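Participant: Okay, predicted coordinates and the sequence, questions at the end:
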Amino acid sequence: MNVITEAARQPATKTAPDFDAIVIGAGVSGLYQLYRLRELGMTARVFEAGSGVGGTWYWNRYPGARFDSESWTYGYSFSQELLDEWDWEEHFAGQPENERYLNYVADKFDLRRDIQFSTVVTSAHYREDAKSWDVTLDNGRRCTARLLITAVGVLSASVLPRIPGVGTFKGQSCHTHNWPKQPVSFAGKRIAVIGTGATGIQTITEVAKTAGHLTVFQRTAQWSAPLHNSKVTSEEMRKIRENYQDIFARCQETMGCFIHAADPRSVFEVTETEREAFWEKLYGEPGFGIWMGNFRDVLTDREANKLMSDYLARKIRERVKDPAVAEKLIPKNHGFGTRRVPLESGYFEVYNQPNVKLVDLNATPIECITPDGIRTTDADYKFDMIIYATGFDAITGAFDRIDIRGVDGVSLKRKWQDGPRTLLGILVDGFPNFMMVMGPHAGLGNFPRAVEYTSDWVTALIRFARDRGLTCIDATPEAVATWTDHVIETNEGLLFTEVDSWMTGINRNLDGKQVRKVMRYSGGHPAFRQRCDAVSTGGYRELALS
């Protein structure tokens, strides 16, 4: 395991920083940013809370965890050697393969020597006198760096439900994000899963295969569609490798950096027969096409969205034998695609099994967790294991858990209390030399595709400042205000903004997360890159550089 150098253990009062840059997180973003910093010849230290690399794919070991991006669109594109060497086993790879891939990357490029594992950054304060960041770790040690770069992920701050008695249960329990590394057997056990988001759906589908009895506690039903995963044959891998350039080019063209792009037609420009045939085609194809490749107005027009939602409701009724259970599994409080669409592999058929029961928490809410199970308003359930698939403090949560303070000791959490305010999702005014890879208001989507662009942009900015002898990089308040207003504009007219979800900043289990906020840029990645490129090619006029 890497350790802090002797120099880094000294009190943070020296003139010269210990490192040129500190990166928080060794997941997809952190690994790539470290690689780019090394290319600049900079000294860097990555601090990672886990004992290994991988970020999302290190922590989320729950049964069924896998991509819903096509694997061969998800991997890094920066190294031809890496593309030539790595063979994907599945079109939508599972957690073990994804973790192996990121470990392979770390080893191939010798990244571990600059990563300190099992280390949590508790605070980061900007030192105006030295134009550097003073970082404190959970072991009490401190170190300094000219630059502070966060690579903390969008969904990395897990949240347990606010249910009385969570700590009293005597059986095994865990949040899906903190799944044990050692194998967990469900055979013959009474299992509870609380939560039916994307993670819950994957977990439920796998646990139901071997559990003695599984009880699913559902608050919000989800529109979900088949993943249609399969193995990648050697011939398919050969063709994928031959076409990587075209695949990545395609990802650059689409709104979400996936291979799927919206159909230019309106729902109302085709006949009912044509519409149904198109939806049948999407329903039968792998991946996010049914969400990202649907008619152009499904996510903006209420009637178009209702027609699509009605189609999926019929599909659920076809797949679930008990009509009463099927109705519980059909969302009533949001339309298709207005929340993140989970992709599943036999999820709805789970409820046809005799060992699976669905509990609707809207009808019978949970009163408390008891030492031997869960009590709702109408029953006491006894369990051997409780699985919490209850989500995350999304997008800003990982930032809030670090005491980040900029000029004059201003807290980032307080600055964002009414919603995040950034420049390009990368910079925050009053927080010099602080940059975020995939921060709030950035262009999200197929993650590594977005990460590579953002990290490259950050790297180019650092190079620009270094080559000119500049030691302070900050956004201007005016530029932050302009970008934030633009981000808000990109969300106007989209139906998802009217729905409570992590994409609108809602989490009922957290104080201060009850009011919808604009958390993400919704103008699409091509437009996001165009805006970012305009800033860099214009000489960074939106920044205060000195």
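Facilitator: Yep, that arrived.
Participant: Pull the contacting residues for the nearest residue to residue 55 once chain neighbours are set aside.
Facilitator: Spatial nearest neighbour of residue 55, excluding adjacent residues (CB to CB, 6 or more residues apart in numbering): residue 27 at 1.7 Å. Quick note: C-beta positions are derived from backbone N, CA and C, even for glycine. Contacts for residue 27 (CB atoms under 8 Å, 6 or more residues apart in numbering) come out as 53-58, 102, 151, 153, 156.
Participant: And the pLDDT for residue 27?
Facilitator: With respect to pLDDT, residue 27 scores 98.
Participant: And residue 504, by the same measure?
Facilitator: pLDDT, residue 504: 88.
Participant: got the residue ranges for the helices in the stretch 401-546 of the chain?
Facilitator: Assigned by DSSP state H, counting those that start in this stretch, the helices in the stretch 401-546 of the chain fall at 412-415, 447-467, 477-491, 525-537.
Participant: Just want the angle from the second one to helix 525-537.
Facilitator: Which is helix 447-467. In terms of direction (axes from the mean of the first three to the mean of the last three CA atoms, to 10 degrees), helix 447-467 departs from helix 525-537 by 10 degrees.
Participant: Which neighbouring elements make contact with helix 447-467?
Facilitator: Helices and strands touching helix 447-467, by 3 or more CB pairs under 8 Å, 6 or more residues apart in numbering; DSSP states H and E, are helix 28-39, helix 71-74, helix 244-253, strand 473-475, helix 525-537.
Participant: possible to save these as TSV with mean neighbour count?
Facilitator: As requested, these are exported to TSV (neighbours: other CB atoms under 10 Å):
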stretch	mean neighbour count
helix 28-39	24
helix 71-74	22
helix 244-253	15
strand 473-475	24
helix 525-537	16
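Participant: of all the ones you listed, which lies closest to residue 354?
Facilitator: With respect to residue 354, and counting by CB to CB, the nearest of these is helix 71-74 at 34.7 Å.
Participant: so how many other residues sit close to residue 180?
Facilitator: 10 (other CB atoms under 10 Å).
Participant: ok, it - contacts?
Facilitator: By CB under 8 Å, 6+ apart, the residues touching residue 180 are 61, 174.
Participant: and the nearest residue to residue 441 once chain neighbours are set aside, what does it touch?
Facilitator: Excluding the flanking residues, the one nearest residue 441 by CB to CB, 6+ apart is residue 425, at 4.2 Å. Contact analysis of residue 425 by CB under 8 Å, 6+ apart lists 436, 438-443, 454, 521.
Participant: Return the distance of residue 425 relative to residue 454.
Facilitator: From residue 425 over to residue 454 the distance is 8 Å, taken as CB to CB, to the nearest Å.
Participant: CSV please, covering the contacts of residue 27 and showing neighbour count and secondary structure.
Facilitator: Below are the contacts of residue 27 laid out as CSV (neighbours: other CB atoms under 10 Å; DSSP: H, G, I helix; E, B strand; the rest coil):
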residue, neighbour count, secondary structure
53, 26, coil
54, 25, coil
55, 27, coil
56, 19, helix
57, 25, helix
58, 22, helix
102, 23, helix
151, 29, coil
153, 23, coil
156, 22, coil
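Participant: what is in contact with residue 425 and residue 454 at once?
Facilitator: What both residue 425 and residue 454 touch, as defined by CB under 8 Å, 6+ apart, is the set 438, 442-443.
Participant: quick one on the thing from earlier: among the contacts of residue 27, which one sits closest to residue 309?
Facilitator: When these are compared for distance to residue 309 (CB to CB), residue 56 comes out closest, at 29.2 Å.
Participant: what about residue 299, distance to residue 109?
Facilitator: 39 Å.
Participant: who has more neighbours, those two?
Facilitator: Legend: neighbour count by other CB under 10 Å for residue 299 and residue 109, higher for residue 299 (22 against 18).
Participant: for the more buried one, what are its contacts?
Facilitator: Counting by CB under 8 Å, 6+ apart, residue 299 has contacts 305, 337-338, 494-496.
Participant: Equivalent analysis for residue 434, please.
Facilitator: Applying CB under 8 Å, 6+ apart, the residues contacting residue 434 are 126, 133, 147-150, 404, 406, 427-428.
Participant: Identify the single longest strand in this protein, thanks.
Facilitator: strand 142-150 (DSSP state E).
Participant: partners of that strand, with directions?
Facilitator: The strands beside strand 142-150 in its sheet (DSSP bridges) come out as strand 19-24 (parallel), strand 132-137 (antiparallel), strand 434-436 (parallel).
Participant: Out of the contacts of residue 299, flag the one nearest to residue 183.
Facilitator: residue 337 (35.9 Å).
Participant: and that closest one, how many neighbours?
Facilitator: Neighbour count for residue 337, taken as other CB under 10 Å: 22.
Participant: quick one: it from residue 262, how far?
Facilitator: Distance of residue 337 to residue 262, computed by CB to CB: 11 Å.
Participant: residues shared between the contacts of the two?
Facilitator: Residues touching both residue 337 and residue 262 by CB under 8 Å, 6+ apart: residue 294.
Participant: right, and the helices of the stretch 401-546 of the chain - which one's nearest residue 214?
Facilitator: So among the helices of the stretch 401-546 of the chain, helix 447-467 is nearest, using CB to CB, at 30.2 Å.
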